[in-house]
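Q: The following comprises the amino acid sequence and a computationally predicted model.
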Amino acid sequence: MSKLNSVMLVPILIGLSGIVFLTAARADVIVIVTKSVRGVPINALVEKSRDETNWTPAEGQWIAAGRFQTEVESCGNSIRYRARDDSGMYVRSNIGSKICSAPEVVFNDFEPVFVALWEPGSKFSNSQYWNAAFGNNPGLMAKSEETATLFSNAIARGDYGSVALVSTELSAQLRKAGNPDAAKFWGALAIDATTRGAMKSLGLEPGAIDSFVLNENGDPIMSPEARETIAIYQQQVFGADGIAPATGKANWATIRSLDGGKETNATEWKFSAEALQDFTAPVEIFN
């Protein structure tokens, strides 16, 4: 819906002479739509500005997943909106603001942050970025080099199992150490790597589906498409009954069976509590 009514009558009592009516403009009601390039709803941070200065969070409410309702005194060229995902799970492929337009302003260019990370030349292949992610801890310089090499090999050869294993291990450690933001990022990367590994083994294009979605708390969970794909992979690898209790789940047996999974030793990716507390969610470093 756009403008509810162009004007409304407001009674004003003036002394004893009676009542006169003044007119007051009604606000435009706008819905900001935020979703991924594949149509997955995302509750992004919506900001508003007049002439692209002094950006502030837009006032309003989520009326449905990916649909934020707000009011503006007059929707026009001077009012602009922008949207970004503050969970760190998605980035926009076309960064920029949009002019206010009724009844909706649509941001449908969100992509999972990992799309760019699997490309040749990814920053995940650069040890300097891992130094920053590890909090520039001198004792972890060698691990920064090792992590960069791990991703370089995974990107070049499709060794998704190695990334899935390390990501799963790091996510569990970070959560236990009280670093939930970094744990959330690594948990999502584990889901993504496992899904990509299964798709590669099935002869499908890795990354052709969204591997995860965000639940109502903003935590990444496996998408229905990814769960179905992994279930098909598990049936082919383990047999119809071989992994029934974990069908469609990214468990250790499944991760180990993916390319690179058997060659990666989880015990080599144990970190001290101090290092885990200093660990920065990589998306904060790489954006």
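A: That came in fine, so what should we check first? Numbering: from 1, shown residues only.

Q: Centroid-nearest residue for this structure?
A: Compute the mean C-alpha point of the chain, and by C-alpha atoms, centre = their mean the closest residue is residue 89, 1.8 Å away.

Q: So for that one, what's the pLDDT?
A: pLDDT recorded at residue 89 is 81.

Q: For it, give me the backbone phi and psi.
A: Phi and psi for residue 89, reported as degrees, to the nearest 10, are phi -90, psi -20.

Q: That one against residue 211, yeah?
A: No - here residue 89 does not reach residue 211: they are 10.7 Å apart, not a contact under C-beta atoms under 8 Å. Just so you know, the C-beta spots here come from the backbone N, C-alpha and C atoms, and that holds for glycine as well.

Q: Show me the common contact partners of the two, please.
A: Jointly contacting residue 89 and residue 211 under the rule C-beta atoms under 8 Å, 6 or more residues apart in numbering are residue 112.

Q: so what's the closest residue in space to residue 104 that isn't next to it in sequence bridging to?
A: If the residues on either side of it in the chain are set aside, residue 104 comes closest to residue 31, at 4.8 Å by C-beta to C-beta, 6 or more residues apart in numbering. Note on residue 31: beta-bridge partners by DSSP bridges are residue 69, residue 104.

Q: can I assume residue 110 sits in a helix?
A: No - read with DSSP: H, G, I helix; E, B strand; the rest coil, residue 110 is strand and lies in no helix.

Q: and it, what is it in contact with?
A: 34, 35, 36, 37, 40, 42, 44, 85, 90, 91, 92, 93.

Q: out of these, which are inside strands?
A: Judged by DSSP state E, the contacts of residue 110 include 34, 35, 36, 90, 91, 92 as members of strands.

Q: Same list, those, but as TSV with distance to residue 161 please.
A: Putting the ones in strands among the contacts of residue 110 into TSV (distance: C-beta to C-beta, whole Å) gives the following:
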residue	distance to residue 161
34	33
35	31
36	26
90	25
91	25
92	30
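
Q: Check the residues you listed and tell me the two furthest apart.
A: Maximum pairwise distance in the ones in strands among the contacts of residue 110, criterion C-beta to C-beta, is 13.8 Å, between 35 and 91.

Q: on that earlier part again, check the gap between the residue nearest to the centre of the chain and residue 132 for me.
A: Using C-beta to C-beta, to the nearest Å, residue 89 is found at 20 Å from residue 132.

Q: picking that back up, contacting residues for the residue nearest to the centre of the chain?
A: Contacts of residue 89 by C-beta under 8 Å, 6+ apart are 112, 113, 184, 185, 188, 212, 214, 220, 283.

Q: so which of these is the most crowded?
A: Within these, most neighbours by other C-beta atoms under 10 Å means residue 185, with 28 neighbours.

Q: ok but that residue is inside a helix, no?
A: Yes - with three-state DSSP as the criterion, residue 185 is assigned to a helix.

Q: My guess is it contacts residue 87. True?
A: No - counting by C-beta under 8 Å, residue 185 stays clear of residue 87, with 9.1 Å between them.

Q: just the strands in this protein please.
A: For the chain, the strands defined by DSSP E occupy 7-14, 18-25, 28-36, 45-50, 53-57, 60-64, 67-72, 79-84, 90-92, 98-99, 104-112, 212-214, 220-222.

Q: Which residues are in contact with residue 190?
A: Residues in contact with residue 190, defined by C-beta under 8 Å, 6+ apart, are 163, 164, 167, 168, 171, 250, 255.
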